[in-house]
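A.B. asks: here is my input, please return the structure:
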Amino acid sequence: MDKKISIFEVGPRDGLQNIKNEIPINRKIELIDILTDTGLKKIECGSFVSAKWVPQMKGTNQIFQEITRKEGVKYTALTPNLQGFESALDAQVDEVAVFAAASETFSQKNVNCSIEESLERFQGIFKKAKQKKIPVRGYVSCVVECPYEGKVSPENVLRVASNLLDMGCYEVSLGDTIGQGTPKTIEDLLKVLCSELNQEKLAGHFHDTSDTAIKNVEVGLKHGVSTFDSAIGGLGGCPYAPGAKGNLNTHSLIRAFGINSFSENIDIDKIKFAEKYINKII
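C.D. replies: This is a model prediction of the structure:
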């Protein structure tokens, strides 16, 4: 590989958001502090969404106030709207993420508006983020299949990803939300995207529903994508994607490619400890 792999740890947010039993806030803080000590450089700690819609994300503001931050580690959060972004600013989040879908039906189910309307909602976030010099990451859901519409065309994904990059995202993460991606479908997707977009601005977010996440990472690497989202313990799933299995397991990702393949200075024993801890608290 020409470039080392970077991990974007999403366990404390995407990993926990679909867990039915409420995880105490102090346990989430402990998890983030444990992950901080593993060598990982980016940790998605929560989401500034209404607890009415995603109850597990209640207390994100408190989490950011009470975690023990380490220099060189970026603590990030999802911000669906300007109000969420303002809350993230108050919490001193290092960077934020916005999310759109490549499927109209999924967009309606997830954020109660069309794809175009969801992108318009982000204008205020990008304007404020630029003023405050806060990096913005983008997520695109359903890049291969939608639980409601079925197959999603690479051209739809390209359109949404291009919009997010044009609006100011430094990177767009491609979400195989229900884990139906195969090496062939990911290959087909990246052929289209990488012919139009800078592959260094793309990341892979593969759920492991069909046990193909590692193979899909291999395809991403072949196309020059080097950042991949993963969750400690392989936790995850989406409240609006029935049947979605967990995210790519952080430990499995490291084991598959070897510790020296990563840009981070990872302590594998502490990764294993974090995995045991997450299994205990859920």
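A.B. asks: going by C-alpha atoms from here, please, whenever you check contacts or count neighbours.
C.D. replies: Fine.
A.B. asks: helices and strands of this protein: which one bottoms out on pLDDT?
C.D. replies: In the chain, no helix or strand scores lower on mean pLDDT, DSSP states H and E than helix 104-111, which sits at a mean of 91.
A.B. asks: by contact count, what packs against it?
C.D. replies: Counting contacts by 3 or more Cα pairs under 8 Å, 6 or more residues apart in numbering; DSSP states H and E, helix 104-111 is packed against helix 115-121.
A.B. asks: could you redo the last one with a cut-off of 10 Å?
C.D. replies: For helix 104-111, the packing partners by 3 or more Cα pairs under 10 Å, 6 or more residues apart in numbering; DSSP states H and E come out as strand 95-101, helix 115-121, strand 136-141, strand 145-146.
A.B. asks: tell me which of those lies nearest to Gly233.
C.D. replies: Ranking the helices and strands packed on helix 104-111 by proximity to Gly233 (Cα to Cα) places strand 136-141 first, at 21.3 Å.
A.B. asks: what strands line up against the closest one, and which way round?
C.D. replies: strand 95-101 (parallel), strand 171-176 (parallel) (DSSP bridges).
A.B. asks: save those as a markdown table, and put in mean neighbour count, distance to Arg13 and mean pLDDT too.
C.D. replies: Output for the strands paired with strand 136-141, formatted as a markdown table (neighbours: other Cα atoms under 10 Å; distance: least, Cα to Cα, whole Å; pLDDT from 0 to 100):
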| stretch | mean neighbour count | distance to Arg13 | mean pLDDT |
| --- | --- | --- | --- |
| strand 95-101 | 25 | 12 | 97 |
| strand 171-176 | 25 | 15 | 97 |
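A.B. asks: for those, give me a markdown table that also has distance to Ser6.
C.D. replies: Converted to a markdown table, the strands paired with strand 136-141 look like this (distance: least, Cα to Cα, whole Å):
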| stretch | distance to Ser6 |
| --- | --- |
| strand 95-101 | 16 |
| strand 171-176 | 13 |
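A.B. asks: indicate which one of these is closest to Asn18.
C.D. replies: Of the strands paired with strand 136-141, nearest to Asn18 by Cα to Cα is strand 171-176, at 15.9 Å.
A.B. asks: how about the CA coordinates for that closest one, as CSV?
C.D. replies: The C-alpha trace of strand 171-176 is given here as CSV (Å, rounded to 0.1, in the frame of the first residue of the first chain):
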residue,chain,number,x,y,z
GLU,A,171,-14.1,14.3,3.7
VAL,A,172,-17.2,12.2,2.8
SER,A,173,-17.7,8.8,4.4
LEU,A,174,-19.6,6.3,2.2
GLY,A,175,-22.1,4.4,4.3
ASP,A,176,-23.1,0.9,3.4
